[in-house]
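>>> Show me how the following folds:
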Amino acid sequence: MSVGATMGAAVASAVPSLKRRMACFVYEGMMLFGIGLIPGAIGALFTALTGNTHPLQSDAALRVIAFVIYGVYFTWFWSRRGQTLPMQTWHIRLVTLSGQPLTQQRALMRYVASCAWFAPATALAALNHWTRWDALAAVGVGVVAYALLALLHPQRQFWHDALCGTQLIDAPPEKKRR
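Residues are numbered from 1 along each chain as shown. Below you'll find the model as predicted:
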């Protein structure tokens, strides 16, 4: 079956369960942890080579660099294949509402909109000057609350998908011919 035929059939596909989507979310978090080491490694290499620190090594700069690296990661995979590695593992694909692959612009829009997972709790923690542990707990509660909001959506999709005109669908593995 071709990718176009697979995408065309996507419209009729079932929505992956919230449990599967959250398992994929956790796996994605592990991947992002590894990818997130890149900005830290760049900063450490710079310090080791020059012997001094640079404004680009500040917490805010490293967060912005990580945000950009994550954006490139998600935008590339979502627009190129419709799946990241964790999505492949959990047989989940990201498509438009008509079942078509995402453009890079739509993938980037979804990436920015998906900050709804973390942004409210992070902003609340920053405004209240909470400790890192309190902020982490707030983000955890925010993630669970945001995930449960999908149960209120008519098609059980996440709300950033509704905003961006995208959907997560089941993507069973293709059977290999012998």
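>>> which SS class is residue 95?
strand (DSSP: H, G, I helix; E, B strand; the rest coil).
>>> What are the buried residues along the lengthiest helix in the chain?
Longest helix in the chain, counting residues (DSSP state H): helix 18-50. Residues of helix 18-50 classed as buried by neighbour count (16 or more other C-beta atoms under 10 Å): 21, 22, 23, 24, 25, 27, 28, 32, 36, 39, 43. From N, CA and C alone the C-beta is placed, and that goes for glycine too.
>>> what's the spacing between the spatially closest residue to residue 40 that is not a sequence neighbour and residue 72?
Spatial nearest neighbour of residue 40, excluding adjacent residues (C-beta to C-beta, 6 or more residues apart in numbering): residue 62 at 6.8 Å. Between residue 62 and residue 72 the computed distance is 16 Å (C-beta to C-beta, to the nearest Å).
>>> More neighbours: the two, which one.
Higher neighbour count among residue 62 and residue 72: residue 62, with 16 against 13, using other C-beta atoms under 10 Å.
>>> Distance check, the more buried one against residue 127.
Plainly put, residue 62 is 21 Å away from residue 127 if you go by C-beta to C-beta.
>>> and if you look at residue 156?
As judged by C-beta to C-beta, residue 156 and residue 127 stand 32 Å apart.
>>> Who has more neighbours out of the two?
More crowded of residue 156 and residue 127, by other C-beta under 10 Å: residue 156, with 16 against 8.
>>> For the more buried one, give me phi and psi.
The phi/psi pair for residue 156 (degrees, to the nearest 10) reads phi 60, psi 30.
>>> quick one: it and residue 150 touch, right?
Yes. With contacts counted by C-beta atoms under 8 Å, residue 156 reaches residue 150, the gap being 5.6 Å.
>>> Mind listing the shared neighbours of the two?
When C-beta atoms under 8 Å, 6 or more residues apart in numbering defines a contact, the residues bordering residue 156 and residue 150 alike are residue 18.
>>> Not counting sequence-adjacent ones, nearest residue to residue 114?
Per C-beta to C-beta, 6+ apart, closest to residue 114 is residue 160, 4.8 Å.
>>> how distant is stretch 129-146 from the center of its chain?
Its chain's C-alpha centre lies 18 Å from the corresponding centre of stretch 129-146 when counted by C-alpha atoms, centre = their mean, to the nearest Å.
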